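# can't give you the sequence, but here's the structure:
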């Protein structure tokens, strides 16, 4: 028998292969993909049609709430990353990748990239449905671009956190459960109601957490306001979250 | 000649318990079976040899390459299949193999060709484009085995490869493993099933409490627990009586003379001890020696009692 010695792959080829793998996972998980798209649309209908009449936000409520829904839905789509990552490390897949002459950590790159693409698709659909419901943004191309950058930064931040949760949890079910806390953040922010209507003791927390500056910045950009420092505040938050998530992954990955 | 696998006083602890306790081993090819009860340290040893775990002390080399310092080289020489099928269920059998081939550095075209070859030789061509999630247990194991062979490894590690398979799938997998060894691949196999070791292995070692307690061919291990015995079996093949024969014709005559009337109809057979007997005797013997248990693994206690 001839023994062929393979040179293995570097991080770029490995990432490409793993992104292909994760994309196939996303496309074949019909239920997951549908949830990532249907749930945000349902939530938007709930907030605009059902609750909308009771909430006075000072403008058309659909205009007010759509930025909040965008931020909310990016979290939903990213939560599944925790489960996929955990399944890889608790099942045998990661053992196999680690015994190959390839950087196995690139498997996480695959999950993160697939999640970002999945969420961008869901966000685009949410915006489309918003337009049908009467959402009338006044943003020009530059503002849209800035919105896209903010949304991308947030999706990336949330995805990295969920990837880290997937590495830290003991089972896919646990990974699914831990994500819930993060998905709660938008409700304690200016995403659905004006900040001033929250109880006084909650306002400092709501103003400081990442969802408020993020929603405020997106809202200002789309509706012709001035995002002021909120956009930068939000970006700093995202960068910080990505950094912490990456450190947790770098610490935890070699030990799983 | 350089040994294929070389292990020198390997040690590994988990939470203060020595799982591997100064284990040494040298394998120069063929099929090697490592036997041991649950928790004996089989998977730990395989994990170290396949670069997934670092030992605390000692060294291990595959074809002369250190598994810690030259892990990258070792990964190019080995194939490994874990205890649980580690193929991707969402992907098809073909996609799984193509992915592994690409990760090994083959071009997309060569990857597809290699995957097709393996699917053909493992009788999976027909199911190649179905998702692994719909495969039977035996097919899954075959894909898993094929996945560890994409690289044509010099050494193949199989950790309990047939656990949970039906007899036909097991026999099929045994054939595949023998065929690989015949082609020159060194196979390192762990198993709890003695018939598996008996059917496949050129050499068997028994691992207990992190040390090799016996090492040799199946025949040499069974010889350790005694000589052939004469038994009387009925038509169903059940042993009705074991004769005390000292080895002389006179001894046999005396034993036969002492038989009851109806026992004259039974068939006389010679039985050699099986690997089962050797395994139970060797592992129980070691467990009985008091001092050895000190500071060593406690998790085999239950098993040891069952064996004694």
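Looks like it arrived, so ask away. Everything quoted here is computed from the prediction, not taken from an experiment. Residues are numbered from 1 along each chain as shown, chains lettered A, B, ... in the order given.

# so what's residue B:45 up against?
Neighbouring residues of residue B:45 by CB atoms under 8 Å, 6 or more residues apart in numbering or on different chains: B:7, B:10, B:20, B:23, B:34, B:190, B:207. C-beta here means a position set from N, CA and C on the backbone, and glycine is covered the same way.

# which ones among these map onto helices?
When DSSP state H is applied, these are split such that none fall in helices.

# which pair in the residues you listed spans the largest distance?
The distance between the two most remote of the contacts of residue B:45 (CB to CB) is 14.9 Å, for B:10 and B:190.

# quick one, what contacts residue A:13?
Shown in contact with residue A:13 (CB under 8 Å, 6+ apart): B:102, B:105.

# where's it, which helix or strand?
Assessed by DSSP states H and E, residue A:13 sits inside helix A:11-28.

# now do the helix or strand following that helix: everything it contacts.
Counting by DSSP H and E, the next helix or strand C-terminal to helix A:11-28 is helix A:30-45. Residues outside helix A:30-45 that contact it (CB under 8 Å, 6+ apart): A:26-27, A:65-66, A:69, A:72-73, A:76-77, A:80, A:118-119, A:121-122, A:125-126, A:129-130, A:133.

# I'd like to know how many residues surround the residue of the stretch 51-200 of chain A found nearest chain B.
Chain B sits closest to residue A:92 of the stretch 51-200 of chain A, with a gap of 2.6 Å, by CB to the nearest CB. Using other CB atoms under 10 Å in any protein chain shown, residue A:92 is surrounded by 20 other residues.

# same deal with residue B:177?
Neighbour number of residue B:177 under other CB under 10 Å is 23.

# output the longest helix belonging to the chain.
You didn't pick a chain, so chain A it is. helix A:61-90.

# meant chain B, my bad for not saying
helix B:167-182.

# what residues sit buried inside that one?
For helix B:167-182, the neighbour count (16 or more other CB atoms under 10 Å in any protein chain shown) marks B:169, B:170, B:172, B:173, B:174, B:176, B:177, B:180, B:181 as buried.

# by contact count, what packs against that helix?
strand B:31-35, helix B:137-149, strand B:186-191, helix B:194-200 (3 or more CB pairs under 8 Å, 6 or more residues apart in numbering or on different chains; DSSP states H and E).

# tell me where the stretch 1-150 of chain B has strands.
B:5-14, B:17-27, B:31-35, B:57-62, B:65-66, B:78-81 (DSSP state E, counting those that start in this stretch).

# so which bits of the first one are buried?
By that I understand strand B:5-14. Those would be B:5, B:6, B:7, B:10, B:12, B:13, for strand B:5-14 by 16+ other CB under 10 Å.

# from residue B:81, how far out is the third one?
Counting by CB to CB, to the nearest Å, the gap from residue B:7 to residue B:81 is 20 Å.

# so residue A:192 sits in a strand?
No - the assignment for residue A:192, made by DSSP: H, G, I helix; E, B strand; the rest coil, is coil rather than a strand.

# pLDDT-wise, which helix or strand of chain A ranks last?
helix A:172-184 (a mean of 78; mean pLDDT, DSSP states H and E).

# quick one: that helix near chain B?
No - Helix A:172-184 lies out of reach of chain B by CB under 8 Å from any CB of the partner chain, never closer than 12.9 Å.

# that helix versus helix A:61-90: what angle between them?
Orientation check (axes from the mean of the first three to the mean of the last three CA atoms, to 10 degrees): helix A:172-184 against helix A:61-90 gives 160 degrees.

# most centrally placed residue in the chain?
Using chain A. Residue closest to the average C-alpha location in chain A (CA atoms, centre = their mean): residue A:155, at 3.1 Å.

# oops, I was thinking of chain B
The centroid of chain B falls nearest to residue B:190 when counting by CA atoms, centre = their mean (2.9 Å).

# ignoring the adjacent residues along the chain, who's closest to that residue?
In space, and not counting its chain neighbours, residue B:190 is closest to residue B:42: 4.1 Å by CB to CB, 6 or more residues apart in numbering or on different chains.

# and if you look at residue A:138?
Per CB to CB, 6+ apart, closest to residue A:138 is residue A:224, 4.3 Å.

# thought that neighbour was touching residue A:140?
No - with contact defined as CB atoms under 8 Å, residue A:224 does not count as touching residue A:140 (9.3 Å).

# where does pLDDT dip in the chain?
Since no chain was named, I'll use chain A. Counting by pLDDT under 70, the low-confidence segments of chain A come to A:1-5, A:256.

# that's the wrong chain, I wanted chain B
B:83-85, B:226-227, B:244-247, B:285-308.

# in it, which residue sits closest to chain A?
residue B:86 (2.6 Å).

# give the burial count for that residue, as a bare number.
By the criterion of other CB under 10 Å, residue B:86 has 23 neighbours.

# with residue A:132 instead?
Neighbouring residues of residue A:132 were enumerated by other CB under 10 Å; the total is 7.

# quick one: it from residue A:9, how far?
With the distance defined as CB to CB, residue A:132 ends up 45 Å from residue A:9.

# cool, residue A:208 as well?
43 Å.

# more neighbours: those two, which one.
Legend: neighbour count by other CB under 10 Å for residue A:208 and residue A:9, higher for residue A:9 (21 against 12).

# state the phi and psi torsions of that one.
When read as degrees, to the nearest 10, the backbone of residue A:9 gives phi -130, psi 150.

# near chain B, which residues of chain A are found?
A:1-9, A:13-14, A:17, A:20-21, A:24-25, A:28-29, A:91-93, A:95-102.

# run the last query once more with 7 Å
A:1, A:3-9, A:14, A:17, A:21, A:24-25, A:28, A:91-93, A:95-96, A:98-102 (CB under 7 Å from any CB of the partner chain).

# for burial, what's the neighbour tally of residue B:90?
Neighbour tally, residue B:90, other CB under 10 Å: 19.

# can you tell me the SS state at residue A:126?
Assignment for residue A:126 (three-state DSSP): helix.

# list the buried residues in stretch B:199-217.
Neighbour counts over stretch B:199-217 (16+ other CB under 10 Å) mark B:199-201, B:203-215 as buried.
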